[in-house]
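Novice: no FASTA, just this:
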């Protein structure tokens, strides 16, 4: 049995051969499986915690389950070398790079509940929450367009996406802080919003050297983005659920799940 376990290997790239001159390698796939495992474990834990949460205090569990499920499926796909295509590099001389569009699907779907959760904590209006969600969608969609552009025009998309990030950050840090103060939850909200904005600030750097600039390998890019994704979704989810134990859902107007109310 020990020999069998030692002989086990990651055959994902043999079953689903990578595309492009610069592409995912076995060690990168191993890393993606590890990230997938963290997502899955956190997902299972969140589902179990939802069953033990008080009636009317499950909204954050529901939201994070969506984000964690999306991330689990996405990392499963990417670890299996699925959800990608080959795009010529910007200078058109280095060959093609394997671009994983599945990554952007994960952000588009998985970040939406995160922004909604932070908005609910702050107590901002639904108009502001919708605005923030739309900015996330615009940011991710614009960067996907940039990643798929085989010329230096991709940096135009990068700039527009960066603008969406700055508008989102301003909304979270300024408008959210104003309403959070009214609910006497400023300290917790500032910590959560600041944490999220900080790690999102590192995504432009990762995109610039990975899908954008082709300065690092696909596997190195996955390590960079994988670490950021772990802090942005699983670790943030755990932090919110821990802090939520001390929140007054009635004062925060979040008791709307009780008895279907």
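Specialist: Okay, I see it. Since this is a predicted model, take the numbers as computed values, not measurements. Numbers count the residues shown, from 1 in each chain.
Novice: Would you map the helices across the stretch 151-261 of the chain?
Specialist: Counting by DSSP state H, counting those that start in this stretch, residue ranges of the helices within the stretch 151-261 of the chain are 154-170, 176-182, 186-207, 218-232, 234-244.
Novice: Let's have those in TSV, adding mean pLDDT.
Specialist: Rendered in TSV, the data for those read as follows (pLDDT from 0 to 100):
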stretch	mean pLDDT
helix 154-170	97
helix 176-182	83
helix 186-207	94
helix 218-232	96
helix 234-244	93
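Novice: Out of these, which is the most enclosed?
Specialist: Mean neighbour counts were compared across those using mean count of other Cβ atoms under 10 Å; the top stretch is helix 218-232, at a mean of 20. To be clear about C-beta, it is placed using only N, CA and C from the backbone, and glycine gets the same treatment.
Novice: so after the lowest-mean-pLDDT helix or strand in the chain, what's the next helix or strand?
Specialist: With mean pLDDT, DSSP states H and E as the measure, the helix or strand of the chain carrying the lowest mean pLDDT is helix 2-7 (a mean of 39). Toward the C-terminal end, the helix or strand that comes next after helix 2-7 (DSSP states H and E) is helix 12-15.
Novice: name the helices or strands packed onto that next one?
Specialist: Helix 12-15 is packed against helix 26-52, with contacts defined by 3 or more Cβ pairs under 8 Å, 6 or more residues apart in numbering; DSSP states H and E.
Novice: Show me which residues of the helix it packs on are buried.
Specialist: When burial is assessed from 16 or more other Cβ atoms under 10 Å, helix 26-52 yields the following buried residues: 26, 28-29, 31-33, 35-36, 38-40, 42-43, 46, 49-50.
Novice: mind checking which of the helices of the stretch 151-261 of the chain is nearest residue 118?
Specialist: Judged by Cβ to Cβ, the one of those that comes nearest to residue 118 is helix 186-207, at 6.0 Å.
Novice: ok, back up a step: between the buried residues of helix 26-52, which is nearest residue 223?
Specialist: Proximity of these to residue 223, judged by Cβ to Cβ, is greatest for residue 31, which lies at 5.9 Å.
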